[in-house]
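dropping a prediction and its sequence here:
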Amino acid sequence: KENEFYTSFECSCIEEYSNIPELIKKSERCILMNDGGRVKLMRFPFKKRGNNVISEIDVAFPIVHGTNVEDGTLQGYLKLTGVPYVGCDVTASAVGMDKYVMKTVLKDNGIPVLDCIRFIASDFSDPQGVIAKCEEKIGYPVVVKPVNLGSSVGISLAADKDELFDSLENAFRYATVVLVEKAITQLTEINCSVIGNNEDAEASELEQPISFGKILDYTAKYQKGALTAEEAAELKKGIDDIVNNPIDIKNELAGDSSIEVSEDGRYVRKGKGIITYDYSTELTKFDGAKLSRLKTARPAKAAAGMASLSRLIPPNMTPETRAYIRSLAVKAYTVLGCNGLSRIDFMIDRSTNKVYLNEINTIPGSLSFYLWAPLGVNYSVVLDSMIKLALRRSREEEALEFSFSSDILKNFSSKGTKGTKGTKGTKGSKM
């Protein structure tokens with residue numbers, strides 16, 4: 001937040017981040033400096049005596065979230081300094097952070113997204129005009145979200161005019177640009193990770209976050225006590241829906257013939273393979289019996305089980321649907337120009353049986369390791385692949401020419417420039 005870097009052993013301990021001011025006191029401020037092609041982590045301010053070099057950096061993992069770090073700003077700083085880094089570059093990070101720009105790119109490439117309306121802060125000087133436009137173009141219910149923040153910040157659902165006003169007012173507290181889009185009332189969420197670059201990429205296993213109506217809103221409460229009769233009924237209804245109604249969406253593989261699906265369904269990839277699979281790992285199948293046991297458990301045990309069951313891996317869907325969504329993830333990843341590893345979140349409208357891409361997390365904090373393990377991909381393989389991709393990009397960029405020799409300024413002086421042969425010289429302005 002203060003545009004400063006700090007380092008210490010304590011910075012590697014997650015529990016220390018519960019008190020940031022104290023952690024800063026235990027750490028020392030630092031900066032990056034390129035010295036003869038080697039990037040060094042330096043103490044700052046510099047000490048007059050002694051060694052100011054803390055360490056050298058071979059490759060950076062910018063696994064950070066939010067403004068100034070996830071939106072391409074930090075990536076630009078690392079690139080300017082000369083540090084190879086994993087993950088998306090400046091452009092892909094910025095596009096992935098801006099939901100409106102992302103939707104525009106995806107829609108132009110035939111990837112389904114929900115239509116939306118974009119408003120800037122000055123538009124809200126006429127709130128009734130904004131509301132009227134939403135009612136005319138979209139209708140209720142709607143989702144209101146800041147254009148460049150995570151969906152957990154500033155996002156809300158509005159079912160009428162009063163709620164829409166409150167949602168817009170809240171969203172503009174966090175951003176100067178806001179999106180309004182149609183809310184899907186019969187919603188199933190599906191997430192997929194992708195690793196690679198804009199040429200070669202492959203998809204992970206899928207996950208379905210569990211929500212069951214209002215169940216997840218009461219997670220903390222469920223961990224402490226039993227479910228109420230109403231909550232237990234909602235849980236049972238949600239489980240029955242998942243077990244008895246497998247997702248079945250018939251579509252071609254993202255309309256991209258270059259995307260390949262292995263015969264056993266282990267991988268979905270475009271281009272060359274990026275990662276190595278352990279084929280001795282059996283592919284996980286949807287376990288409806290295990291899920292069904294939750295609805296017959298005593299309320300207290302059902303609550304505990306629900307708290308631990310935050311996702312289904314894999315979801316209950318046909319092999320064709322699984323391949324289709326994974327292929328959409330690969331196509332979206334490549335057209336957005338991503339690199340390293342990202343997680344792409346989809347929405348399924350069960351009332352129309354249509355899939356929409358919701359958003360991309362250009363570098364998820366967990367690196368979605370739990371989505372690769374079911375396919376026989378070890379976490380160390382994921383990390384090695386990301387580092388190789390980072391170094392590969394760095395080598396490719398170093399081979400590019402960013403400048404060319406020119407004598408255009410040779411005849412320039414503070415008194416003016418000489419004209420070329422056959423033309424009258426132009427008098428320069430005083431410097």
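Now that the structure is in, tell me what you want to look at.

mind listing what's buried along stretch 104-114?
105-106, 111, 113-114 (16 or more other C-beta atoms under 10 Å). Any C-beta I mention is one placed from the backbone N, CA and C, and that applies to glycine too.

inside strands: which ones of those residues?
Taking DSSP state E, every one of those sits outside strands.

quick check, nearest of those residues to residue 330?
Sorting the buried residues of stretch 104-114 by distance to residue 330 puts residue 111 at the head of the list, at 10.8 Å, by C-beta to C-beta.

tell me how far the closest one lies from residue 44.
Counting by C-beta to C-beta, to the nearest Å, the gap from residue 111 to residue 44 is 44 Å.

can you check residue 259 too?
Taking C-beta to C-beta, one finds residue 259 at 47 Å from residue 44.

neighbour-wise, which of the two wins?
residue 259 (23 against 17; other C-beta atoms under 10 Å).

follow-up on the earlier one: mind listing which of the buried residues of stretch 104-114 are in helices?
105-106 (DSSP state H).

how about CSV for the buried residues of stretch 104-114, with distance to residue 352 and pLDDT added?
Output for the buried residues of stretch 104-114, formatted as CSV (distance: C-beta to C-beta, whole Å; pLDDT from 0 to 100):
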residue, distance to residue 352, pLDDT
105, 24, 98
106, 19, 97
111, 17, 96
113, 14, 97
114, 12, 96
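
tell me which residue is most central in this protein.
residue 361 (0.6 Å; C-alpha atoms, centre = their mean).

okay, now the unreliable bits of the protein?
150-152, 211-227, 294-309, 404, 413-431 (pLDDT under 70).

just the strands from the stretch 1-150 of the chain, written as ranges.
Using DSSP state E, counting those that start in this stretch, the strands found in the stretch 1-150 of the chain span residues 5-7, 28-35, 38-43, 53-57, 116-120, 142-146.

any idea which of the ones you listed is most buried?
Comparing the strands of the stretch 1-150 of the chain by mean neighbour count (mean count of other C-beta atoms under 10 Å), strand 142-146 ranks first with a mean of 23.

that older thread, can you put the buried residues of stretch 104-114 in JSON lines and add distance to residue 183?
JSON lines is the format used below for the buried residues of stretch 104-114 (distance: C-beta to C-beta, whole Å):
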{"residue": "105", "distance to residue 183": "23"}
{"residue": "106", "distance to residue 183": "19"}
{"residue": "111", "distance to residue 183": "20"}
{"residue": "113", "distance to residue 183": "15"}
{"residue": "114", "distance to residue 183": "9"}
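
out of the buried residues of stretch 104-114, who's nearest residue 201?
The closest of those, once distances to residue 201 are taken by C-beta to C-beta, is residue 111, at 14.0 Å.

go ahead and confirm the closest one touches residue 329.
No. Taking contacts as C-beta atoms under 8 Å, residue 111 lies outside contact range of residue 329: 9.7 Å.

still on that earlier bit, which one of the buried residues of stretch 104-114 is nearest to residue 285?
residue 111 (28.1 Å).

contact partners of the longest helix belonging to the chain?
When the chain is parsed with DSSP H, its longest helix is helix 379-398. The set of residues external to helix 379-398 that reach it, using C-beta atoms under 8 Å, 6 or more residues apart in numbering, is 59, 61, 84-87, 89, 195-197, 274-276, 339-341, 367, 369, 372-373.

and the helices in the stretch 51-200 of the chain?
73-81, 90-97, 99-108, 127-137, 161-171 (DSSP state H, counting those that start in this stretch).

can you tell me which of these is packed in deepest?
Most buried of those, by mean neighbour count (mean count of other C-beta under 10 Å): helix 90-97, with a mean of 22.

I'd like to know which of the contacts of helix 379-398 are buried.
For these, a burial check counting by 16+ other C-beta under 10 Å picks out 59, 84-87, 89, 195-197, 274-275, 339-341, 367, 369, 372-373.

columns distance to residue 73 on top of the strands of the stretch 1-150 of the chain, output as a markdown table?
Formatted as a markdown table, the strands of the stretch 1-150 of the chain follow (distance: least, C-beta to C-beta, whole Å):
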| stretch | distance to residue 73 |
| --- | --- |
| strand 5-7 | 13 |
| strand 28-35 | 14 |
| strand 38-43 | 18 |
| strand 53-57 | 18 |
| strand 116-120 | 21 |
| strand 142-146 | 17 |
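
between the helices of the stretch 51-200 of the chain, which one is nearest to residue 320?
Minimum separation from residue 320 across those (C-beta to C-beta) falls at helix 99-108, 21.9 Å.

which elements pack onto that closest one?
Helix 99-108 is packed against helix 90-97, strand 116-120, strand 177-182, helix 319-335, strand 354-361, with contacts defined by 3 or more C-beta pairs under 8 Å, 6 or more residues apart in numbering; DSSP states H and E.

please consider this matter closed, and thank you.
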